[in-house]
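Undergrad: compute the structure for the input listed below.
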Amino acid sequence: MVADLFGALRRHMGRLCRRLLWLLSYKKIKASECSVETAIDADDIHSALRLLEYQQYKYQWHFQVERFVFRPDCRPAGPDKALTLLVGIHKSQSLLSHQCFYAGISAIYISIKQKDSVSLDGLRPWLFRQAGLTSSEQIVFSPHWRNRECPYKQIISARACLLQLSLAEGRAAAKTIESIGNANLRILNAMPFREISADVLYRSTTNLLRGLLCLSFNRLGCHQLCNSLKRLRIELECGRYRRPVEEAKENHLGLLIEVLDLVELAMTSDSQALREKRLSIMINIATPGITEGALDWLDSLEPNFLSDS
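TA: Model prediction:
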């Protein structure tokens, strides 16, 4: 108890010190942000990256780099320039680890849209490592992890990204797609809900569900998945999730209920509408390549109700 109070006090004091530093350095920070934009406009991504690293080192100012990482509307207009910037952030040794991680994820999504096979080949091995499909290491859970810094949230994000890459390959990637489903089911069944902040658990639900829909829809598999999803639903309907539900842009709990209905229906039927609904949830980046590949993967599976194992 004393250790927890001391830790909370230390975090609070750290936030106060940062805010004081930002207040005292406001003009210099804003000048640095303008210099970053000027460098990007001049196609000098190298200088822009050094300036972003300096902002972090000198002022602990993370806002501009995170706008580039998390807000597509704040990135350079051209996808090639945006990709170069994100890859640079991803490879940086001086920026925060969660910034580098999500820059890599964003770079992969742009590469998929642009059909940039060179960039994808360079990032693919890293993405597989981050997804941890075969890793036996235990994920460290803590209620103190912030949303984007949480290892659990990152691994689920990596698997959702890998899923899009795999769906584009169709039935040729069937083993990887199945591995994503199995890995997400393992982590859901072993998850200590109260050791994760309500905000992190709620906001990661949609990507978790995308991976779970990779599982085989045979009767036994659907029954096991339903039980796991019902346990998650009971948790997310607790009072501690009231604030995340109100603040989140997406209705993660509503989607969980939709997936539960879908899985229950899949125990006895296999209609075209059911398949289309399944894929609409699994796909989070609409490109012709992913859609065609996903249909090819789904067509390679046995009808739900004909498979019992």
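
Undergrad: show me the helices in the stretch 51-200 of the chain, by range?
TA: For the stretch 51-200 of the chain, the helices identified by DSSP state H, counting those that start in this stretch occupy 63-70, 79-91, 97-114, 117-131, 151-167, 174-190, 198-203, in order along the chain.

Undergrad: chain center to the longest one: distance?
TA: To tie it back to what came earlier, the one meant is helix 97-114. For helix 97-114, the separation from the chain centroid amounts to 10 Å (computed by C-alpha atoms, centre = their mean, to the nearest Å).

Undergrad: please name every helix or strand in contact with it.
TA: helix 63-70, helix 79-91, helix 117-131, helix 151-167 (3 or more C-beta pairs under 8 Å, 6 or more residues apart in numbering; DSSP states H and E). C-beta: built from backbone N, CA, C; applies to glycine.

Undergrad: just the buried residues of that helix, please?
TA: Of the residues in helix 97-114, those buried by neighbour count under the rule 16 or more other C-beta atoms under 10 Å are 98-112.

Undergrad: can you check the fourth one too?
TA: Residues of helix 117-131 classed as buried by neighbour count (16+ other C-beta under 10 Å): 119, 120, 123, 126, 127, 130, 131.

Undergrad: the residue nearest to the fourth one when sequence neighbours are not counted and residue 202, how far apart?
TA: Leaving aside its sequence neighbours, residue 126 sits nearest to residue 104 (C-beta to C-beta, 6 or more residues apart in numbering; 6.2 Å). Summarising the geometry, the distance separating residue 104 from residue 202, computed by C-beta to C-beta, to the nearest Å, is 24 Å.

Undergrad: what do you get for residue 289?
TA: Residue 289 is 31 Å from residue 202, where distance means C-beta to C-beta.

Undergrad: which regions of the stretch 101-250 of the chain sit below the pLDDT cut-off?
TA: Counting by pLDDT under 70, the stretch 101-250 of the chain contains low-confidence residues at 135-137.

Undergrad: for residue 58, the count of nearby residues, please.
TA: Residues within reach of residue 58, counting by other C-beta atoms under 10 Å, total 13.

Undergrad: ok, residue 266 next?
TA: Using other C-beta under 10 Å, the number of residues around residue 266 comes to 25.

Undergrad: got the contact list for it?
TA: If you count contacts by C-beta atoms under 8 Å, 6 or more residues apart in numbering, residue 266 has them with 217, 222, 274, 278, 304.

Undergrad: pLDDT value on it, please?
TA: In this model, residue 266 is scored at 89, pLDDT.

Undergrad: if you drop the residues flanking it in sequence, what lies closest to residue 68?
TA: In space, not counting the residues next to it along the chain, residue 68 is nearest to residue 75; the distance is 5.6 Å by C-beta to C-beta, 6+ apart.

Undergrad: need phi/psi at the one you found.
TA: phi -80, psi 170 (degrees, to the nearest 10).

Undergrad: need the contact list for it.
TA: 68, 82, 85, 86.

Undergrad: what separation is there between the residue lying closest to residue 154 once chain neighbours are set aside and residue 162?
TA: Of all residues not flanking residue 154 in the chain, residue 101 sits nearest, at 5.6 Å (C-beta to C-beta, 6+ apart). Note on residue 101: its distance to residue 162, by C-beta to C-beta, is 14 Å.

Undergrad: again, but for residue 80
TA: The spacing between residue 80 and residue 162, counted by C-beta to C-beta, is 23 Å.

Undergrad: neighbour count winner among those two?
TA: Comparing residue 80 with residue 162 by other C-beta under 10 Å, the one with more neighbours is residue 162, at 24 against 12.

Undergrad: show the contacting residues for the nearest residue to that one once chain neighbours are set aside.
TA: Spatial nearest neighbour of residue 162, excluding adjacent residues (C-beta to C-beta, 6+ apart): residue 131 at 4.7 Å. In this structure, residue 131 makes contact with 155, 158, 159, 162, 180, 183, judged by C-beta under 8 Å, 6+ apart.
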